[in-house]
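> 3D, please:
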Amino acid sequence: MQFAIRKRRGTPTVIIVSLIDVLIVVLIFLMVTTTFKQQAALKVVLPESSQQKGGATGDTVNVTISKNGLLYFNGASDPIISDKLQQKLKEAATANPSLTLAIRADTDAPWGQVVKVRDAAKAANIKSVSASVRSASPP
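Next comes the predicted model:
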């Protein structure tokens with residue numbers, strides 16, 4: 001009985017260049033089809049004013065007051081209570097004595113919240129407080 005001698009097969013080769021080409025095509029497809037859209041966390045309708053001044057300086061802290069009276073510190077997505085706001089304002093004022101506070105209050109925001117923010121700024125020794133407004137549309 002004679003057995004046939006089988007040749008050993010070599011390990012199959014994987015062509016890496018083709019795999020890299022496919023990977024690059026998939027990556028380019030994902031980059032082209034993905035949209036990068038910035039959405040505002042809080043929509044605020046600022047009041048109109050014809051006395052609008054220049055933009056804010058670099059040493060500015062923003063406090064946003066929403067329509068239902070919630071306070072947001074420096075564009076955060078979570079609301080903050082007024083006691084924590086006063087503490088954060090004190091920390092910011094001690095770090096930078098020439099700090100400016102910009103209040104961004106919605107047109108329908110409760111006036112009491114604006115007064116609370118101004119009182120917190122005074123307690124934190126912030127000398128300059130401004131209100132953010134949008135320019136009035138011409139008649």
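
> doesn't residue 89 lie inside a strand?
No: counting by DSSP: H, G, I helix; E, B strand; the rest coil, residue 89 is not part of a strand but helix.

> torsion angles phi and psi at the nearest residue to it once chain neighbours are set aside?
The shortest distance from residue 89 to any non-neighbouring residue, by C-beta to C-beta, 6 or more residues apart in numbering, is to residue 124 (3.8 Å). Heads up, the C-betas are built off the backbone N, CA and C, glycines and all. Phi and psi for residue 124, reported as degrees, to the nearest 10, are phi -90, psi 0.

> low-confidence ranges, this structure, go.
1, 37-41, 52-58, 137-139 (pLDDT under 70).

> which stretches of it form helices?
16-33, 82-95, 111-123 (DSSP state H).

> how much space between the residue nearest to residue 89 and residue 98?
13 Å (C-beta to C-beta, to the nearest Å).

> and these two? which has more neighbours close in?
residue 124 (20 against 10; other C-beta atoms under 10 Å).

> surely the more buried one touches residue 96?
No: using C-beta atoms under 8 Å, residue 124 is not in contact with residue 96; the gap is 11.3 Å.

> picking that back up, closest one to residue 46 among the helices of the chain?
helix 111-123 (12.7 Å; C-beta to C-beta).

> that closest one - contacts with which helices or strands?
Here helix 111-123 touches strand 60-65, helix 82-95, strand 100-105, going by 3 or more C-beta pairs under 8 Å, 6 or more residues apart in numbering; DSSP states H and E.

> what bridges to residue 131?
Following DSSP bridges, residue 131 is listed with bridge partners residue 103.

> contacting residues for it?
102-103, 105 (C-beta atoms under 8 Å, 6 or more residues apart in numbering).
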